[in-house]
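need a 3D model of the sequence below.
(chains A, B and C)
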Amino acid sequence: MIKSSPGNFLEDFHVGMELRHATPLTLSDGDVSLYRGLTGTRHALYCAETVATANGFERLAVDPLLAFHVVFGKTVPDLSLNAVANLGYADGRFLRPVYPGDTLRAESQVLGLKENSNGKTGVVYIRTRGLNQRDEEVLSYIRWVMVHKRDRSSKRLDARIPDLPKAVDPATLQPTGCYDHWDDALSGSGHRYEDYAIGEQIDHVDGMTVEDAEHQVATRLYQNTARVHFNAFAQAKERFGKRLIYGGVVISLARALSFNGLGNAAELLAINAGTHAGPFFAGETLFAWSEILDKAELSDTTGALRLRLVAVKDQDPGQFVRLGADGTYAKGVCLDFDYWAAIPRR
Amino acid sequence: MIKSSPGNFLEDFHVGMELRHATPLTLSDGDVSLYRGLTGTRHALYCAETVATANGFERLAVDPLLAFHVVFGKTVPDLSLNAVANLGYADGRFLRPVYPGDTLRAESQVLGLKENSNGKTGVVYIRTRGLNQRDEEVLSYIRWVMVHKRDRSSKRLDARIPDLPKAVDPATLQPTGCYDHWDDALSGSGHRYEDYAIGEQIDHVDGMTVEDAEHQVATRLYQNTARVHFNAFAQAKERFGKRLIYGGVVISLARALSFNGLGNAAELLAINAGTHAGPFFAGETLFAWSEILDKAELSDTTGALRLRLVAVKDQDPGQFVRLGADGTYAKGVCLDFDYWAAIPRR
Amino acid sequence: MIKSSPGNFLEDFHVGMELRHATPLTLSDGDVSLYRGLTGTRHALYCAETVATANGFERLAVDPLLAFHVVFGKTVPDLSLNAVANLGYADGRFLRPVYPGDTLRAESQVLGLKENSNGKTGVVYIRTRGLNQRDEEVLSYIRWVMVHKRDRSSKRLDARIPDLPKAVDPATLQPTGCYDHWDDALSGSGHRYEDYAIGEQIDHVDGMTVEDAEHQVATRLYQNTARVHFNAFAQAKERFGKRLIYGGVVISLARALSFNGLGNAAELLAINAGTHAGPFFAGETLFAWSEILDKAELSDTTGALRLRLVAVKDQDPGQFVRLGADGTYAKGVCLDFDYWAAIPRR
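Down below sits the predicted model:
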């Protein structure tokens, strides 16, 4: 009997399958500090108890992306230990704030399956839900991931591909923040909902070089166990020859960089889509730019921006590579991330 | 007057000598998060308040190895600043859980002394006890360490070597966990006490590459001040030519790797023995395998496994080097650690 | 409209100008742990709740330098994003302890301005105050910084240089600690106020090598956004060709190294002056020595030492470079820092 887990392969999944993932995690002030130290996040709503409680939160909540990475990490041993690639996200929703002291666990349901024509791999579509210690859903998202078959000769599966929304309907967004006591001096940005125009692009001018120690600590903090991030000895024999940085680390760094230009868009409400468009490695420097895809008025004090956040690497500000109209990604693009964030109105 | 401490030399110790070590430390949620970020530990019992309180703990406790490293660290300025090598451990006992907010301090007693025939070094045997803010003993262990003599011509000491138990008697083990509400889905392992057989070996298939930044942060977190871990400028002129990773970092990483195969054996009860069998350096990748040395039924719901945890470096899973019957260690073996852990019964 | 902040240039400042800086930060146990992991600080007063509360503190406070770096970091986007160099500090005062859970924000006032004769740069003198969630001043200091002009042809400013005290008057120092239950065994030093003589020099024998991951995590923890510390891609084209370590990281490391010789001088009371005398880079090893500049009796139980803390790099203990009488700094000197610290009396 082999007691080490080999992870699941394509044949191990079936549509409707339910999974309860291991290692519930109690988040704490310690995670909040480490997340700040590792990403450089500066959104006042998630940094200052005073700002959070003045604007609708009970206490200082953890950054929604930290909660997302923790929930995601729990699914890795069951869903993507043998993954070829994490292909996309859809219908991600942040439903409740997560406070230090909350314990998060994760459950998933298989929504769809498709075998690839090469007979070696396939795609699994999964809905994952993050739950707190009161069994309240705090976040939920769909992702699809390419996994290996265990046995190339195993019987071909009937494909079932779920319908995926292109974006979360803004009418369903429910921010926790009320933004009726927002102070632009404290948030570090004078730009509010009305100041952004659909189609506008913002270059976030700062860059962040990432070290192996940094992405490893982050990825372990989230308890993401995918081997490609940690084992230089094994990776030396693989395609890239080195450790690959977890895509969630790239999302958080790009989002932290986007503070400089989007400092008031702190509260993440939904993830519409996301593509890890290219690899990112230690020693490289990450940059980011954003595009305003859509806008929605949620209340008298609160708006929402639909933002495309694009992370690129090793490029000069002012010359960041853009996305091709053909849907392909130029060299140097690491991330194409589509999300809704709340922002105070004037 | 020199105010910087030179540490103690062999001549400074005598049998029966009592030491109260400096810098009591209040452990916090921050230490718990950093310990997770640095080791990748995933034992649900020490990650989730829900799991801990359902199984006999008052609150979420800190990992026993974190408490051990902190107590050990306090002894370094007095016991091993001038150490040649940390030779072994015996009779280690984890007596009480340590909770965030507890303040740990350390006291030691010299049990034995022996001068080496080279006249340059000797061995000191020490019992160290970790105490909390209520002066309750939380852990206790013996270690012996080779230290330099201050003066080669100083009078030879009479040797006194204490009797050391080969292993902690399982009849004396007192787990805090009661394991009557254990959930294998949440712990991430379906293997319980009855599933392990004496003599069984488990290869933990994952590997972890360690960076200088990681082991330095860990070792400072534990306030272990041994110079060999931090000072690349001085180490460039020494035997290895570089910084040596603290053996406690190796213990914690190997134990975190052993989760994959021993996920239910969370609660450390005793350290029977331990040898830092070879050096481990930044850039190298650590692997681990375990052997079941013994088993003991502690209650209707709780068993204990006596485990030999062996850490090896830069090797392919499936080909991990084993230990020679002659008691010597092959190249690539970093740690041979013998401990008791509690595990739920069926 | 450019939404990314370009920072302020010399022309943007005027004497009397008031600035409220962004991103108030709630400090937590997580920051305390990370600060210990990153610096190796061992002062019992800031490590152990038991020691803190026995000696006059309500609870375990955060290290005053951690609070200082956090307040300083808030000023960077407004004051020194376009800085050429941080030239000096004066009249720094630590006025109240900062406890985990406190939220710090920063306000500044421009005290003086001077354009340099090259027409390209100038010097701004600023008083910055750190305030907690009750609007109580917790610390205050003056710094002066060389910044770029936006436009070389812009109208020359009238110079106004404020009077700066050479040192904080010890009669105004107000320690929080009462030091009436001090235990030298727990603090790790037997040396008290009476044991130090004016003019005495102490070599702190330990060295600490710093990695890029370490200084980056520290500098992000403090939310200091100066680009020179994070962006290897851009720095490759600049003067040093690599990332520069934030001077606050050097201050904290040097102070942590000074524990070995000054272990009882835990409570920082004032910063008299400070010069970042030379650059420090990842891979280099920091050492430190101290000189007793002055002494003052504050109460029956408490004295204060005025200390010059000098950080040097890549040097052998016993051969640390000293300061020239001409006020210039020899190669290898990174920091010349003049401060008052409280220390128990006999």
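
use CA for all of it now, contacts and neighbours both
Fine.

in the one helix or strand in chain A whose mean pLDDT sits lowest, which residues are buried?
Ranking every helix and strand in chain A by mean pLDDT, DSSP states H and E puts strand A:83-94 at the bottom, with a mean of 93. Within strand A:83-94, the residues that qualify as buried by neighbour count (16 or more other Cα atoms under 10 Å in any protein chain shown) are A:A83, A:N86, A:L87, A:G88, A:Y89, A:A90, A:D91, A:G92, A:R93, A:F94.

neighbours around the closest residue to the first one other than its chain neighbours, how many?
Taking Cα to Cα, 6 or more residues apart in numbering or on different chains, and ignoring the residues beside it in sequence, A:A83 has A:V147 as its nearest neighbour in space, at 4.2 Å. Look at A:V147: counted by other Cα atoms under 10 Å in any protein chain shown, it has 25 neighbours.

which ones are touching A:V147?
A:F9, A:L10, A:S80, A:N82, A:A83, A:V84, A:A85, A:T121, A:G122, A:V123, A:V124 (Cα atoms under 8 Å, 6 or more residues apart in numbering or on different chains).

7 Å instead?
Taking Cα atoms under 7 Å, 6 or more residues apart in numbering or on different chains as the criterion, A:V147 is in contact with A:F9, A:L10, A:S80, A:N82, A:A83, A:V84, A:T121, A:G122, A:V123.

what's the answer for A:L268, then?
Counting by Cα under 7 Å, 6+ apart, A:L268 touches A:P64, A:W340, A:A341, A:A342.

looking at those residues, which is nearest C:A54?
If you rank these by distance to C:A54 using Cα to Cα, A:P64 comes first, at 39.6 Å.

residues contacting that closest one?
By Cα under 7 Å, 6+ apart, the neighbours of A:P64 are A:L268.

and stretch A:296-315, what's buried?
Using 16+ other Cα under 10 Å as the test for burial, stretch A:296-315 gives A:296-298, A:301-315.

same for the host helix or strand of A:T50, what does it pack against?
Using DSSP states H and E, A:T50 maps to helix A:49-54. Helix A:49-54 makes packing contacts with no helix or strand when contacts are defined by 3 or more Cα pairs under 7 Å, 6 or more residues apart in numbering or on different chains; DSSP states H and E.

which residues sit against that helix?
Under Cα under 7 Å, 6+ apart, the answer for helix A:49-54 is A:A44, A:L45, A:Y46, A:R59, A:L60, A:H181, C:T26, C:T103.

got CSV for those residues, with distance to B:L244 too?
Shown next, in CSV, are those (distance: Cα to Cα, whole Å):
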residue, distance to B:L244
A:A44, 40
A:L45, 42
A:Y46, 38
A:R59, 43
A:L60, 40
A:H181, 53
C:T26, 36
C:T103, 39
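
can you pull out the strands in chain A?
A:18-20, A:25-26, A:83-94, A:103-115, A:121-131, A:137-148, A:201-209, A:267-275, A:285-297, A:302-313, A:333-344 (DSSP state E).

flag every residue of chain A that's near chain C.
Contact residues, chain A versus chain C (Cα under 7 Å from any Cα of the partner chain): A:29-30, A:33, A:36-38, A:40, A:42-44, A:47-49, A:185-188, A:202, A:204-209, A:211, A:213-214, A:260-261, A:285, A:314.

my understanding was that A:D206 contacts A:L257; is that so?
Yes: with contact defined as Cα atoms under 7 Å, A:D206 reaches A:L257; the gap is 6.4 Å.

picking that back up, tell me which of the contacts of helix A:49-54 is nearest to chain B?
C:T26 (14.0 Å; Cα to the nearest Cα).

measure the closest one to C:R105 for me?
Remark: distance between C:T26 and C:R105 (Cα to Cα, to the nearest Å) = 9 Å.

the residue nearest to A:N272 when sequence neighbours are not counted and chain B: what is the separation?
Once flanking residues are discounted, A:N272 sits nearest to A:A167: 4.5 Å by Cα to Cα, 6+ apart. For A:A167, the distance to chain B under the criterion Cα to the nearest Cα, to the nearest Å works out to 32 Å.

how about A:V333?
Taking Cα to the nearest Cα, one finds A:V333 at 27 Å from chain B.

quickly list what that residue is bridged to.
Note on A:V333: beta-bridge partners by DSSP bridges are A:V312.

contacts only, for it.
So, once contact is read as Cα under 7 Å, 6+ apart, A:V333 ends up touching A:A277, A:G278, A:A311, A:V312, A:K313.

any idea how far the second one is from A:L309?
In this case it means A:G278. Distance, A:G278 to A:L309, using Cα to Cα: 14 Å.

averaged pLDDT, the helix ranked longest in chain A. What do you get?
With residue count as the measure and DSSP state H as the assignment, chain A has helix A:64-79 as its longest helix. Taken as a whole, helix A:64-79 has a mean pLDDT of 97.

OK, contacts around the closest residue to chain C within the stretch 101-250 of chain A?
When distances are taken as Cα to the nearest Cα, the stretch 101-250 of chain A approaches chain C most closely through A:L186, which lies 4.1 Å from it. In this structure, A:L186 makes contact with A:A44, C:H21, C:A22, C:T23, C:P24, judged by Cα under 7 Å, 6+ apart.

how does it look with 10 Å?
A:L186 makes contact with A:H43, A:A44, A:L45, A:A48, A:V51, C:R20, C:H21, C:A22, C:T23, C:P24, C:R105, C:A106 under the criterion Cα atoms under 10 Å, 6 or more residues apart in numbering or on different chains.

name the nearest residue to the second one, sequence neighbours excluded.
When the adjacent residues along the chain are set aside, A:A44 lies closest to C:T23, with 4.9 Å between them (Cα to Cα, 6+ apart).

so how far is chain B from the one you found?
21 Å.

right, and that residue touches A:F259 too?
No: using Cα atoms under 10 Å, C:T23 makes no contact with A:F259, being 11.2 Å away.

what is in contact with those two at once?
A:R42, A:H43, A:S187, A:G188.

in TSV: these, plus neighbour count.
Conversion of the shared contacts of C:T23 and A:F259 to TSV gives the following (neighbours: other Cα atoms under 10 Å in any protein chain shown):
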residue	neighbour count
A:R42	28
A:H43	26
A:S187	24
A:G188	26
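
could these go into a markdown table alongside pLDDT and distance to B:R227?
As requested, the shared contacts of C:T23 and A:F259 are exported to a markdown table (pLDDT from 0 to 100; distance: Cα to Cα, whole Å):
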| residue | pLDDT | distance to B:R227 |
| --- | --- | --- |
| A:R42 | 98 | 36 |
| A:H43 | 98 | 39 |
| A:S187 | 97 | 43 |
| A:G188 | 96 | 43 |
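
considering those residues, which is situated nearest to chain B?
Minimum separation from chain B among the shared contacts of C:T23 and A:F259 (Cα to the nearest Cα) is found for A:R42, which lies at 19.3 Å.

contact partners for that closest one?
For A:R42, the contacting residues are A:36, A:48, A:187-188, A:256-260, A:263, A:266, C:22-25, C:220-221, C:223-225, by Cα under 10 Å, 6+ apart.

out of those residues, name the ones that lie in helices.
Members of the contacts of A:R42 lying in helices (criterion: DSSP H): A:R36, A:S187, A:A256, A:L257, A:F259, A:N260, C:R220, C:L221.

quick check: the residue of the stretch 201-346 of chain A nearest chain C.
Nearest residue of the stretch 201-346 of chain A to chain C: A:G261, at 4.2 Å (Cα to the nearest Cα).

contacts only, for that residue.
Remark: with contacts taken as Cα under 10 Å, 6+ apart, A:G261 is in contact with A:188-191, A:202-205, A:289-290, C:2-5.

check pLDDT for those and point me to the minimum.
Within the contacts of A:G261, the minimum per-residue pLDDT falls on C:I2 (79).
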